[in-house]
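A.B. asks: Requesting a structural model of the entry that follows:
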Amino acid sequence: MTKMQFYRGQSLLLVFAIGVMSGCSEPDEVATNSPAEQSNTAVVDSKPTRRFSSVTLDMPQDILTANPGVGASRSAYFGDLHVHSAYSFDANAFGTIATPDDAYRYAEGEMIMHPTGFPMQLTTPLDFYAVTDHAMFLGVGQAAMDTTTEFSKMAYVQGLHNLNADGNRNLESIVVRGQAFKSFLPDTLFGIAEGRVDENMVNGIVRSAWLDIINAAESHNKPGKFTTFVAYEYTSSADDRGNLHRNVVFRAADKLPAVPFSRFHGQNPEDLWRWMDNLRSNGIESLAIPHNSNGSNGQMFKMVDWAGDPLDDDYTERRIRNEPLIEITQIKGSSETHPLLSDTDEWADFEIMPYRIGTSLPSAVSGSYAREALLNGLKLSGKNITNPYQFGFVGSSDTHTGASPLVEETYYGKVGVLDAQPELRGSVPASPETADIIERAGRLKIKTVDGKQYASGSYETFGAGGLAGVWAEENTRDSLFDAFRRKETFATTGPRMKVRLFAGYDLDGSMLTSLAGIADAYRRGVSMGSELHADGERAPTLLAWAMRDPLSAPLQRLQIVKGWIENEEPQERVYDVACSDGLSVDPATNR
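C.D. replies: Down below sits the predicted model:
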């Protein structure tokens, strides 16, 4: 069963302005004889005139779509904007040896190998892909394991030598890998701060890895056929370990920063936005996509800024400008909603991952989920505070093997050696030997159920998926990035279903059955991700369109979740729009 939901709370104000000018100067005069207006008048050729600045007209908010046929010709493209290779310190510690080049070959349909030795291959190639390795000491962990590098001679990395050599990527190695995951970053950071580690050497490794990531994206980018984006992950967290991770995606590759901005350059995401704005002033366009808000412990969608001050327009404008999208689903669960927030939605418990990222600590619910954020944004708007939570949705995988595991039936894990076996994922009971290794590794716990031991922590909450769906004119960087910006996007948990939504005051269902009708919907309404302005007391019409993935399950129903503010309190209601199997919607309950 697949659940598809759309939100009018996500918004982007589309303004199409047309100006008509005759010459380059204002008319000479507007005659007046009113003495009361002398403070706004001047004398030209002995005739009193009024200045234009004395009157301001209301600006109409109508939207004009100049070429609706362009929108109607858009196709749905599917890709993954969250993929890690061996250059990520954690993926490398987990046994991953796949390069960015390997990752792109996989997305194009080629077979690559899992860290433990079995093949991974997509049934159908993807349309676009982005390798998003962690910016923190990019490639440095790999250099520590490679005994041919100068960095590997550092005393504190001796235990990592050849960890990913053939024969070493096995169950017994997860104890060392768990320790490497915990200690490598702080040991390197404090080593630099204390002068024991050469910062220039580390920066040289980072620059080399970043250049290789760029070159791989450039060599695999095939406009019109397969699109790659230069990208990386900004991996920050609050002091309480609440997740604040973002993937930063660059529009083009002709001009890029020499190194990516990491948590070690600034823990506060507002610092990331300032860096992105500075790049933008130099002609480098990018956007950031927050992910795993479900593990943020309430930090991702707070109602105050980093300093704890109320949100203001400066904060909101920077956030909207730099973060038009959020990743709402991935391997580590759904960030859409939670049963405690949506108690009338029987599927609000779908793929709940209840922990802070990389821990077994519980994550606070409020402030961690998208539906609540959208409603809180509307609540701010009602108080004449600019809404910072006007975002569209994408899904992605967050795979740490270079390969997106999109099919639940063949899900092969996320973190390489650490969850490659069903025993490690808690899917089946662990043998005494495996349970002992799991406990010594310290990353997971062992719990007893009906007398049997199971791995427990977070892996048992992981699942295959997800994907970013994008409506674009063509499969190119420019066209896809434009779609990201206008938020004409959607998220799935892996199946390649196609979904579309329009809103307007003069729409009808016949528009969904032909290309001419879709063009008319673009002309007379707004598409998904846009903002529809009120028109007096008129009620808008929503057109919802969906097509199943021919290689996946049939669609069971189509739903719309309505959110609104009533008496200053957020409200939510789920509507069944269409059902399969001969079922119909009860007009009294809308279910």
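
A.B. asks: could you pull out the helices for the chain?
C.D. replies: With DSSP state H, the ranges of helices along the chain come out as 68-72, 89-93, 100-107, 140-145, 174-193, 199-220, 269-281, 313-322, 370-382, 422-425, 432-441, 477-486, 515-524.

A.B. asks: want to throw those helices into JSON lines with mean neighbour count?
C.D. replies: Yep, even glycine has a C-beta here, placed from its N, CA and C like the rest. JSON lines is the format used below for the helices of the chain (neighbours: other C-beta atoms under 10 Å):
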{"stretch": "helix 68-72", "mean neighbour count": "16"}
{"stretch": "helix 89-93", "mean neighbour count": "28"}
{"stretch": "helix 100-107", "mean neighbour count": "24"}
{"stretch": "helix 140-145", "mean neighbour count": "26"}
{"stretch": "helix 174-193", "mean neighbour count": "18"}
{"stretch": "helix 199-220", "mean neighbour count": "17"}
{"stretch": "helix 269-281", "mean neighbour count": "17"}
{"stretch": "helix 313-322", "mean neighbour count": "16"}
{"stretch": "helix 370-382", "mean neighbour count": "22"}
{"stretch": "helix 422-425", "mean neighbour count": "20"}
{"stretch": "helix 432-441", "mean neighbour count": "16"}
{"stretch": "helix 477-486", "mean neighbour count": "19"}
{"stretch": "helix 515-524", "mean neighbour count": "19"}
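
A.B. asks: Could you verify my assumption that E199 touches L189?
C.D. replies: No. With contact defined as C-beta atoms under 8 Å, E199 does not count as touching L189 (10.3 Å).

A.B. asks: about what we covered before: of the helices of the chain, which approaches G536 most closely?
C.D. replies: Set against G536 and scored by C-beta to C-beta, the helices of the chain come closest in helix 515-524, at 16.9 Å.

A.B. asks: Could I get the average pLDDT for the closest one?
C.D. replies: Helix 515-524 carries an average pLDDT of 93.

A.B. asks: oh, and call the first residue 8 from now on, that's how I've got it
C.D. replies: Sure, I'll start counting at 8 from here, so that last one is helix 522-531.

A.B. asks: Check which helices and strands it sits against.
C.D. replies: Applying 3 or more C-beta pairs under 8 Å, 6 or more residues apart in numbering; DSSP states H and E, we find helix 522-531 packed against helix 75-79, strand 505-511.

A.B. asks: if we go to 7 Å?
C.D. replies: Where contact means 3 or more C-beta pairs under 7 Å, 6 or more residues apart in numbering; DSSP states H and E, helix 522-531 is packed against helix 75-79.

A.B. asks: any idea of the mean pLDDT for the helix it packs on?
C.D. replies: For helix 75-79, the per-residue pLDDT averages 89.

A.B. asks: ok, which stretches of the stretch 308-457 of the chain are strands?
C.D. replies: In the stretch 308-457 of the chain, the segments counted as strands under DSSP state E, counting those that start in this stretch are 332-337, 340-341, 399-402, 452-456.

A.B. asks: Quick one: closest of those strands to M66.
C.D. replies: strand 399-402 (25.4 Å).

A.B. asks: Buried residues of stretch 507-523, list them for me.
C.D. replies: Buried residues in stretch 507-523, defined by neighbour count with 16 or more other C-beta atoms under 10 Å: R507, L508, F509, A510, G511, L514, M518, L519.
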